[in-house]
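Chemist: next input, structure requested:
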Amino acid sequence: MRFVKGHGTENDFVILPDPDGSLDLRPETVAALCDRRAGVGADGVLRVVRTKAAGDPAAEELADAAEWFMDYRNADGSVAEMCGNGVRVFARYLVDAGLAAPGEWDVATRAGLRRVTLGPSGDVGVDMGLPVVQGEAGATVGGIEYPGLRVSMGNPHLACPVDRPVRELDLTRPPAVDPAVFPEGVNVELFRVLGERHVEMRVHERGSGETRSCGTGAVAAAVAAAGGADRAGEWTVDVPGGRVTVTFDGRTSHLRGPAVLVAEGRIRDDWLR
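Modeler: Residues are numbered from 1 along each chain as shown. Below you'll find the model as predicted:
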C-alpha cells in the first residue's frame, strides 16, 4: 500500500492512491493508519480512486461528471461526506502525480461535485457550494453552553461565537450537543470575531477530535459570524494551523488556502496484517 502525507493548514491526511479501486479499506485499517503513535498519523484518509471504480453509491451517480472521487474517512474509520481542506489536498496530489492538469475541474465527493482551481504549485481554491442554514442549537464546552448556528456544508456543522480568545477553550473533550438534533454527530466550531470579516476559530470534528483546521468549518464559521445572511465578500479565518479565506458571491461559497504534500512511502505488509 503506497501512501502520501499531506496537509491543508495542518489539517493532515494520509493519501492512498487507488485509481482502480483495488484496496480493501476497512475502518480498522483507516484508524490504524491515522494513529499518531502507532501509525502514520493523520486527521483522516483520502483514498484517490477513479469515480467509475469507487464502488460507492454516491460515486455511481457522478461517474460521468468527474474522473476522480474523493473517498474521505475520518480518523476513527467512519465515512464522511465532505472535507474542504481534504479536497484541496486531494487536488494538489492529482496535479503533482500527473493525474490531472493545473486549471479548473470537478472532484466527485459524497456531498456532490466540488470544483477546484489550482496552478502547478501554491494555494488551492474550491467551490464549496451554497451553505444551508438549518436553525439554532447549542454546544457545551467546559461547563459553559454556547448558542450557535447549524450550517450544512454537505456535512453538519454547529458554529458558536465566543467572547474570549479561542486558545483558552478546553477542547480535550468533545463538546456536548443534543443527540436528538445531531443524531449522526456534528462538527463544532468555536469562533471569535477579530475585526471586519475576520474571525479566529477552533474546531472539534466528529470522528477525529480537535483538528488544526477544518475547511467546511471555516465556511460555517464565516456564515455564523455574518448572522447567516448578508455575507457577500471575502472573510479571513485564522485557525491554529494557519489562515484560509472564505468568499461568498451570493451564489456559492469559495475556500482558498495552502495545500502541501510532505512525504511519500509504502506501508509495510507485515504491519498491515
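Chemist: can you pull the contacts of the residue nearest to residue 77 when sequence neighbours are not counted?
Modeler: Excluding its sequence neighbours, the residue lying closest to residue 77 (Cβ to Cβ, 6 or more residues apart in numbering) is residue 27, at 2.9 Å. (Glycine included, C-beta is placed from N, CA and C.) Contact analysis of residue 27 by Cβ atoms under 8 Å, 6 or more residues apart in numbering lists 73, 76, 77, 78.
Chemist: cool, and residue 252?
Modeler: Here residue 252 is in contact with 127, 128, 129, 130 (Cβ under 8 Å, 6+ apart).
Chemist: separation between it and residue 236?
Modeler: 19 Å (Cβ to Cβ, to the nearest Å).
Chemist: ditto for residue 246
Modeler: Distance of residue 246 to residue 236, given as Cβ to Cβ: 8 Å.
Chemist: which one of the two is surrounded by more residues?
Modeler: Ranked by neighbour count (other Cβ atoms under 10 Å), residue 246 and residue 236 place residue 246 first, with 29 against 17.
Chemist: that one bridge partners, please.
Modeler: residue 235, residue 255 (DSSP bridges).
Chemist: I'd say it and residue 239 touch.
Modeler: No - the pair residue 246 / residue 239 is not scored as a contact, 11.4 Å apart, by Cβ atoms under 8 Å.
Chemist: overlap of the contact sets of the two?
Modeler: residue 218.
Chemist: now the worst-scoring helix or strand of the chain on mean pLDDT - C-alpha only, CSV.
Modeler: Here the helix or strand of the chain ranked lowest by mean pLDDT, DSSP states H and E is helix 269-272, holding a mean of 93. Listed next in CSV are the C-alpha coordinates belonging to helix 269-272 (Å, rounded to 0.1, in the frame of the first residue of the first chain):
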residue,chain,number,x,y,z
ASP,A,269,2.7,-5.6,4.5
ASP,A,270,3.6,-7.2,7.9
TRP,A,271,2.2,-4.1,9.7
LEU,A,272,-1.0,-4.2,7.7
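Chemist: quick one: buried residues of that helix?
Modeler: By neighbour count with 16 or more other Cβ atoms under 10 Å, helix 269-272 contains no buried residues.
Chemist: for that helix, name the packing helices and strands.
Modeler: Counting contacts by 3 or more Cβ pairs under 8 Å, 6 or more residues apart in numbering; DSSP states H and E, helix 269-272 packs against no other helix or strand.
Chemist: residues making contact with it?
Modeler: For helix 269-272, contacts defined as Cβ under 8 Å, 6+ apart pick out 1, 29.
Chemist: just the strands in the stretch 51-200 of the chain please.
Modeler: Taking DSSP state E, counting those that start in this stretch, the strands of the stretch 51-200 of the chain run over residues 68-74, 103-109, 112-118, 124-129, 132-141, 144-152, 156-161, 187-195, 198-205.
Chemist: list the contacts of the residue nearest to residue 132 when sequence neighbours are not counted.
Modeler: Of all residues not flanking residue 132 in the chain, residue 152 sits nearest, at 4.2 Å (Cβ to Cβ, 6+ apart). By Cβ under 8 Å, 6+ apart, residue 152 lies in contact with 131, 132, 134.
Chemist: bridged to residue 152, which residues?
Modeler: Taking DSSP bridges as the rule, residue 152 bridges to residue 132, residue 156.
Chemist: for the residue nearest to residue 77, give its distance to residue 207.
Modeler: Where residue 207 is concerned, residue 27 sits at a distance of 10 Å (Cβ to Cβ).
Chemist: which residues do the two both contact?
Modeler: Common neighbours of residue 27 and residue 207 (Cβ under 8 Å, 6+ apart) are 76, 78.
Chemist: residue 216 is in contact with residue 201, correct?
Modeler: No - applying Cβ under 8 Å as the test, residue 201 and residue 216 come out as separate, 11.8 Å apart.
Chemist: quick one: which of those two has more around it?
Modeler: Using other Cβ under 10 Å as the criterion, residue 201 and residue 216 rank with residue 216 on top: 32 against 25.
Chemist: read off the pLDDT value for the more buried one.
Modeler: In this model, residue 216 is scored at 96, pLDDT.
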